[in-house]
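Enquirer: Sequence plus predicted model, see below.
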Amino acid sequence: MATNVQVDRNNNESSANVIRRFTKRVQNAGIIPRMRGSRYFSRTKSRNVQRAARLKKLEKKTMYERLLKLGKVQERRGGRR
């Protein structure tokens, strides 16, 4: 998917200002994060691997809830800011 970003130079506008406007438009279009994301090839995980990961996460969640109920672990509060 190609995204074209074009900036035309206005009257009495310096080339530095044109470059700054162009970089702003590229950032707002989200081209750079998309290119960084597609920089390396990542395979899609198979259904069995996805299922195993979900089961493992669910098992960890139930274990945490059990330990919380028994009072062996404190409740997690908040997160990163």
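Expert: That came in fine, so what should we check first?

Enquirer: Tell me how far the longest helix along the chain lies from the chain's centre.
Expert: Longest helix in the chain, counting residues (DSSP state H): helix 47-70. Offset of helix 47-70 from its chain centre (Cα atoms, centre = their mean, to the nearest Å): 24 Å.

Enquirer: Ok, stretch 72-81 next?
Expert: Using Cα atoms, centre = their mean, the offset of stretch 72-81 from its chain centre is 23 Å.

Enquirer: Give me the contact list for it.
Expert: Residues outside stretch 72-81 that contact it (Cβ atoms under 8 Å, 6 or more residues apart in numbering): 64, 67-68. (Each C-beta comes from the backbone N, C-alpha and C, glycine too.)

Enquirer: Okay, and K72 sits in which element?
Expert: Assigned by DSSP states H and E, K72 falls within no helix or strand.

Enquirer: What distance do you get for it to R66?
Expert: When distance is defined by Cβ to Cβ, to the nearest Å, K72 is 9 Å away from R66.
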